[in-house]
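> model the following, please.
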Amino acid sequence: MTVLRIKQFDLGGVGGGIDNVIEDLTPQLGGNLDTNNFRILVNTGRGIYDQNNNEQLTFTQSAGAVNNFTMINAATGLAPRIIVGGGDPNITMEIESKGAGEIRLQPGNVDAIRLSETPGLGFFGTAPVGRPTGVAVTDAAIHAALVTLGLITA
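I've put the predicted structure just below:
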């Protein structure tokens, strides 16, 4: 059984409040949080939650990590960016879905670009088409190659 002990203070007419911020079990900001050039430390499996206590962003640490993400906002007319950064000279970015889930890139108000493990499904939900190699440069060969690629009909 957890026992919560609350201290009483005689503030001598100095106004209300708490003596130590750790005593407030449900702190709320009354303004912007300024880190004063310090960091915000997050334990593995913890992160940012919404007002209903649902996970929004969860962090997991990696021992000895030197690579990370940088997020950059942007002025009107420019694109915000997510950039891979860190100590290594060449860094691959990995985006991983869960289970049979897809990765979708949604460019504005058009159909999503989907990356899927579903057999026969490629970009824009189309069947992938093999690219022929060694095609002779003749009208008939070019026509046949364009048909094979699905760019024109026979």
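> quick check: beta-bridge partners of residue 83?
Using DSSP bridges, the bridge partners assigned to residue 83 are residue 70.
> list the residues that contact it.
69, 70, 71, 72 (Cβ atoms under 8 Å, 6 or more residues apart in numbering). Bear in mind the C-beta positions are built from the backbone N, C-alpha and C, glycine included.
> quick one: secondary structure of residue 22?
Applying DSSP: H, G, I helix; E, B strand; the rest coil to residue 22 yields a three-state assignment of helix.
> show me how the chain divides into domains.
Structural domains annotated on the chain: 35-94, 101-154, as defined by automatic domain parsing.
> strands along the chain, start to end?
Remark: strands assigned in the chain by DSSP state E are 46-49, 55-59, 67-72, 81-86, 103-105, 113-115.
> for the third one, which outside residues touch it?
The reference is to strand 67-72. For strand 67-72, the external contacting residues (Cβ under 8 Å, 6+ apart) are 80, 81, 82, 83, 84, 85, 86, 87, 88, 91.
> can you check the first one too?
Among residues not part of strand 46-49, those counted as contacts by Cβ under 8 Å, 6+ apart are 55, 56, 57, 58, 59.
> just the buried ones from these?
Neighbour counting with 16 or more other Cβ atoms under 10 Å marks none of those as buried.
> tabulate those residues (a markdown table), appending pLDDT and distance to residue 141.
Converted to a markdown table, the contacts of strand 46-49 look like this (pLDDT from 0 to 100; distance: Cβ to Cβ, whole Å):
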| residue | pLDDT | distance to residue 141 |
| --- | --- | --- |
| 55 | 91 | 55 |
| 56 | 91 | 55 |
| 57 | 91 | 53 |
| 58 | 92 | 54 |
| 59 | 91 | 55 |
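> ok, the residues you listed vs residue 144, which is closest?
residue 57 (50.8 Å; Cβ to Cβ).
> which secondary structure element of the protein has the lowest mean pLDDT?
Among the secondary structure pieces of the chain, namely its helices and strands, strand 113-115 has the lowest mean (mean pLDDT, DSSP states H and E), a mean of 64.
> what about residue 145, neighbour count?
Here the neighbour count serves as a burial measure; for residue 145 (other Cβ atoms under 10 Å) it reads 17.
> where does the protein dip in pLDDT?
Filtered on pLDDT under 70, the chain yields the residue ranges 1-18, 109-136.
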